[in-house]
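Enquirer: give me a model of this one.
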Amino acid sequence: MKATKHAAPPPNRRRGLVMGIPLALVAVGVLVLLAFALLPGGGSGGAGGASAEPAAASVAATEPGTPPATPPGTGTPTGPTPSTAPPSAASPSPSATPTRRPSATPSPSAATSSSARTAPAPASLSGRIKPGASYQGVATSYDAADGNGACSFGPSDDLMVAAMNHTDYETSRACGASVLVRAANGASITVRIVNDCPLPCAPGQLDLSHEAFAKLADLSVGRLPITWTLLSPGTAPDTMSIRYKVGSSQWWCGLQVVGHRNPVAALEVRTGDGWRQLTRTDYNYFLSPDGTGCGGAIRITDVYGEQLTVDGIAVKPDVVQPTRVQFARH
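Expert: As a prediction, the model looks like this:
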C-alpha cells in the first residue's frame, strides 16, 4: 500500500508542468502585445498601418482651402485662399480686378450672351472717326479719275472726294463719310470718303482728289497741314439706297448702302431667330455667306445709333434700289 501511495505523485507533477508551459507562453504573448501597443504609431499593425500617415498627408494636400501654388505672373494668388472668398476667386481671369470682384461672378456663357447684342450701344458704333472730334494730319493729293475707289460706290460726277488713310479707313467704316477739311491758311472744303489710302499713309492723313486739294492750296505744295471733322450734311439725298453685289442670290449675297447721310456702323438681316449682323468687307459690302436674310428685311445703324429698317428689297445684283428712309441730320 505504501509503495502504491509513493508511486502516484510523479504523474501529478508532470501534468502541472504541461499546463504551466502554455500559461507562460500566453503571458509572454500578452507582454509582447502590450509592448507593441506602447510603440509610436502602434495599434494599426500590418500594411494598413504603414500607409495610414501618407494617406492623411494626401488629403491635406488637396484641402479646398489650400490650392496648389501657381507660378508667378499668372495673377493667381500662391498662398492659401481665405475661407470667405467664393470658389471662383481662386482662379480669376486675367482681366478680373480682385478689388472689384462681385460676390457672384456671371458665368462665361452669360457674359457672351449679353455682349452678342444685335443693336450695339451708340458708344461703340463710331469706331476711330467719332462725331464731334477734331483730327490733325496732312493733306496730299491723287488723281481720282472717275471718282470711284475702294468703297465701291462707282463713278461719280462729283470729284470733291478723298481717300482716308488706311488706319482710319478701318475696314471701310469711313466709306461715305462727309468730312470738313480746314487748312492753316483759312481755306476749307467738304469732301466725301470714297477710297482707301494704303500705308504709309499715316493716321489723320487725307489723300484729296486734285480738284479738292486745289481749293486749299496749289498742287505744288505736295503736303499740307490740315484739321478735319466728321459732318452730318444737309445736302444728302432724300433717301438712301441698297445694292446687292454681283453674284448675289438666295444662297450667298453681299449688300451695300449707298447715299447715306451719316457713316454706316452696322447692317443686319432678319432671320427666324431675330436680327443677324453681317460682316463688313474692306470693299464696303456686308456679306451673308450662307444666304441668310438675302432678299429679306434689312436694319441699318449709323454712327449716331439711329436704326432704320428697310423691307421689300429684292435680290437684284448690281442694281441700286432706293428706299424710303434716310438718317437724320446731326
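Enquirer: for the strand or helix carrying Gly137, which outside residues touch it?
Expert: Assigned by DSSP states H and E, Gly137 belongs to strand 134-142. Contacts with strand 134-142, where a contact means CB atoms under 8 Å, 6 or more residues apart in numbering, come from 129, 163, 165, 168, 181, 183, 197, 201-210, 212-214, 216, 219, 222-229. Any C-beta I mention is one placed from the backbone N, CA and C, and that applies to glycine too.
Enquirer: out of these, which are inside strands?
Expert: 163, 165, 181, 183, 197, 206-209, 224-229 (DSSP state E).
Enquirer: and those, which of them are buried?
Expert: With neighbours counted by 16 or more other CB atoms under 10 Å, the ones in strands among the contacts of strand 134-142 contain buried members at 163, 165, 181, 183, 197, 206-209, 224, 226, 228-229.
Enquirer: coming back round to it: report the buried residues of the strand holding Gly137.
Expert: For strand 134-142, by 16+ other CB under 10 Å, it's Tyr135, Gly137, Val138, Ala139, Thr140, Ser141, Tyr142.
Enquirer: just list the residues touching the residue nearest to Cys253 when sequence neighbours are not counted, thanks.
Expert: Closest residue in space to Cys253, ignoring its immediate chain neighbours: Cys294 at 3.8 Å, by CB to CB, 6 or more residues apart in numbering. By CB under 8 Å, 6+ apart, Cys294 lies in contact with Tyr244, Ser248, Ser249, Gln250, Trp251, Trp252, Cys253, Val269, Ser288, Val315.
Enquirer: mind doing that once more with 7 Å?
Expert: Ser248, Gln250, Cys253, Ser288, Val315 (CB atoms under 7 Å, 6 or more residues apart in numbering).
Enquirer: now do Val310
Expert: Contact criterion CB under 7 Å, 6+ apart gives Ile242, Ile298, Ile300, Thr323, Val325 as the residues in contact with Val310.
Enquirer: one more time with 10 Å
Expert: 239-242, 255, 257, 267, 297-300, 321, 323-325 (CB atoms under 10 Å, 6 or more residues apart in numbering).
Enquirer: buried among those residues? Make that a ChimeraX selection.
Expert: A single ChimeraX command is used to select the members of the contacts of Val310 judged buried by 16+ other CB under 10 Å:
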select :240,241,242,255,257,267,298,299,300,323
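Enquirer: so which of the contacts of Val310 is the closest to Ile193?
Expert: Closest to Ile193 out of those is Val257 (13.7 Å), distances taken as CB to CB.
Enquirer: distance of that closest one from Asp290?
Expert: Distance check for Val257 against Asp290: by CB to CB, to the nearest Å, it reads 21 Å.
Enquirer: again with Gly296
Expert: Relative to Asp290, Gly296 is positioned 13 Å away (CB to CB).
Enquirer: what do you get for Ala144?
Expert: With CB to CB as the criterion, Ala144 and Asp290 are 36 Å apart.
Enquirer: more neighbours: these two, which one.
Expert: Taking neighbours as other CB atoms under 10 Å, Ala144 and Asp290 compare with Ala144 leading, 22 against 10.
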